[in-house]
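Novice: just the structure for this:
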Amino acid sequence: MDSSNPLHQLLLRGLGTTSLVNDRLRYVSQEWVRSGKLDPSHASALVEDVMRALRGDTPGLEEQAGRQLERNRDQLLQDLGIPMQRELDELRGRIDRLEQSLRQRNGESAGE
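Specialist: Numbering: from 1, shown residues only. Take a look at the predicted model:
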């Protein structure tokens, strides 16, 4: 292949980046093992799981990440005091019923 070919350069850069990420991930996981943050038996599995995810070999991971993100988002919104859509819908319903009740009472008072 011609080294001036942009596709060839892109492939080489992709391989280099993947190799760099793999090396860095292995280094970080070993540092976590040394500091006691990660069990040695889980270090290589962690590296493999992350590399599989980067290659797109984990179809269930995207769904799992989506569920986790949704749970974290819901908890964050709750911690910030921001209501969920269903809570807003419930409040709107209550307001509508109160307004209707008030209009009925005002109509009864005006008719007397």
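Novice: rest of the way, CA atoms for contacts and neighbours
Specialist: Noted.
Novice: count the neighbours of A53 for me.
Specialist: Per other CA atoms under 10 Å, the neighbour tally for A53 reads 15.
Novice: ok, it to G16 distance?
Specialist: In this view, A53 and G16 are 17 Å apart by CA to CA, to the nearest Å.
Novice: what helices or strands is the lowest-mean-pLDDT helix or strand in the chain leaning on?
Specialist: Every helix and strand of the chain was ranked by mean pLDDT, DSSP states H and E. The lowest is helix 59-80, at a mean of 75. On a contact count with 3 or more CA pairs under 8 Å, 6 or more residues apart in numbering; DSSP states H and E, helix 59-80 meets no helix or strand.
Novice: list the contacts of it.
Specialist: Residues outside helix 59-80 that contact it (CA atoms under 8 Å, 6 or more residues apart in numbering): A53, P83, M84.
Novice: show the model's pLDDT score for G111.
Specialist: At G111, the predicted lDDT confidence score is 63.
Novice: what of L91?
Specialist: We have a pLDDT of 95 for L91.
Novice: residues near it, how many?
Specialist: A count of neighbours around L91, defined by other CA under 10 Å, yields 12.
Novice: and for Q64?
Specialist: The local packing of Q64 (other CA under 10 Å) involves 11 other residues.
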